[in-house]
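Novice: Provided below are the primary sequence and the corresponding predicted coordinates.
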Amino acid sequence: MALQLRPNCEFCDRNLPPSATDARICSYECTFCADCVETKLFNVCPNCGGGFAPRPIRPAQEWRPGVCTAKQAPSDKRVHLKYSVEDVAAHCARVRDVPPEKR
């Protein structure tokens, strides 16, 4: 099963196409831009509390049969946070000093 490759930052709604090098994901595929992860979320996923990693880039070219964005299309469903900005800020402040591997 391939990653969804969600098309936007769940916080600021910035477009994050499949080739975006500034896309970050948590282990649940929550997707945010690097700017929001660094300046607003402080490496704390507002949904699960985990940390973030750069989202892998899915090849656009079919280097191996059936393996490319044309054959395994990225998601076109935009996802947005279900929490208020105030709730996200409080959650991130509560968790941010705990290293991701200890959360």
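Specialist: Received, thanks.

Novice: For the chain, identify the residue most remote from the centre.
Specialist: In the chain, the residue that sits farthest from the middle, by Cα atoms, centre = their mean, is P65; the gap is 27.1 Å.

Novice: Look up how far N43 lies from the residue positioned nearest the centre of the chain.
Specialist: With distances taken as Cα atoms, centre = their mean, T31 lies nearest the centre of the chain, 1.8 Å away. Counting by Cβ to Cβ, to the nearest Å, the gap from T31 to N43 is 14 Å. The way it works is simple: take the backbone N, C-alpha and C, and place the C-beta from them, glycine included.

Novice: If I look at M1, what pLDDT would I see?
Specialist: We have a pLDDT of 73 for M1.

Novice: coming back round to it: can you pull the phi/psi pair for the nearest residue to the residue nearest to the centre of the chain once chain neighbours are set aside?
Specialist: In space, and not counting its chain neighbours, T31 is closest to R6: 4.1 Å by Cβ to Cβ, 6 or more residues apart in numbering. Main-chain torsions, R6, degrees, to the nearest 10: phi -60, psi 150.

Novice: for D35, same thing?
Specialist: Main-chain dihedrals, D35, degrees, to the nearest 10: phi -60, psi -50.

Novice: can you pull the contacts of the residue nearest to T31?
Specialist: Taking Cβ atoms under 8 Å, 6 or more residues apart in numbering, we find R6 in contact with 16, 29, 31, 74-75, 77-79.
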